[in-house]
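A.B. asks: I'll drop the sequence and a predicted model, then ask my questions.
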Amino acid sequence: MKSVPTIQRYMSTSPYTIGAEQSLRTADNLMREQGIRHLPVLHGNRLVGVISNRDVAIIMSLDGVDPDKITVEDAMTQDVISVSPDAPLDEVAAMMAERKAGSVVVEQNHKVVGIFTTVDGMTALVEVLRARFK
């Protein structure tokens, strides 16, 4: 029987990150320019949260909000799922499903080394299904 692949095989490596003190506009611009939907948030080199394009869009749609004055820290989710690169894919997928999370940050030695999103999960699913049923 084959072993379950690890998250490292499917994660996006060297993800873009953003500082907690940066503005919401900076986060929005970075995500748009890079075509990404999630940014791990760092304070110094320590992971403190994650912000999604949905978080940004909701806050920016509120009346009277100045995205240059709202910080990423004010808008981010602090409850981040973080795993190591050798975490089994099935366990990570189960955690994401249970918590309805759009992403998981991958850390090694307290350093962000990757991000695994629902898009990465779909890529993994396609590969596993094709290997199994073709």
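C.D. replies: The structure has been received and is ready for your questions.
A.B. asks: Spell out which helix or strand contains the residue lying closest to Y10 once chain neighbours are set aside, please.
C.D. replies: Nearest-residue entry for Y10: A124, 4.4 Å, with adjacent residues in sequence omitted and distances by Cβ to Cβ, 6 or more residues apart in numbering. To be clear about C-beta, it is placed using only N, CA and C from the backbone, and glycine gets the same treatment. Element membership for A124 (DSSP states H and E) is helix 118-133.
A.B. asks: List the buried residues of that helix.
C.D. replies: Residues 118, 120-121, 124, 128 are the ones in helix 118-133 that count as buried (16 or more other Cβ atoms under 10 Å).
A.B. asks: Among these, which has the minimum pLDDT value?
C.D. replies: Lowest pLDDT among the buried residues of helix 118-133: V128, with 86.
A.B. asks: who's in contact with that residue?
C.D. replies: By Cβ atoms under 8 Å, 6 or more residues apart in numbering, V128 lies in contact with nothing.
A.B. asks: What distance do you get for the spatially most central residue of the chain to D55?
C.D. replies: Closest to where the C-alpha atoms of the chain average out (Cα atoms, centre = their mean) is S103, at 3.9 Å. Distance, S103 to D55, using Cβ to Cβ, to the nearest Å: 12 Å.
A.B. asks: Mind listing the shared neighbours of these two?
C.D. replies: With Cβ under 8 Å, 6+ apart as the test, S103 and D55 reach no residue in common.
A.B. asks: Which stretches in the protein count as strands?
C.D. replies: 12-13, 18-19, 38-43, 46-52, 82-83, 103-108, 111-117 (DSSP state E).
A.B. asks: Could I get those in JSON lines, plus columns for mean pLDDT and distance to L89?
C.D. replies: JSON lines is the format used below for those (pLDDT from 0 to 100; distance: least, Cβ to Cβ, whole Å):
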{"stretch": "strand 12-13", "mean pLDDT": "94", "distance to L89": "14"}
{"stretch": "strand 18-19", "mean pLDDT": "98", "distance to L89": "27"}
{"stretch": "strand 38-43", "mean pLDDT": "97", "distance to L89": "18"}
{"stretch": "strand 46-52", "mean pLDDT": "97", "distance to L89": "20"}
{"stretch": "strand 82-83", "mean pLDDT": "96", "distance to L89": "10"}
{"stretch": "strand 103-108", "mean pLDDT": "97", "distance to L89": "11"}
{"stretch": "strand 111-117", "mean pLDDT": "97", "distance to L89": "9"}
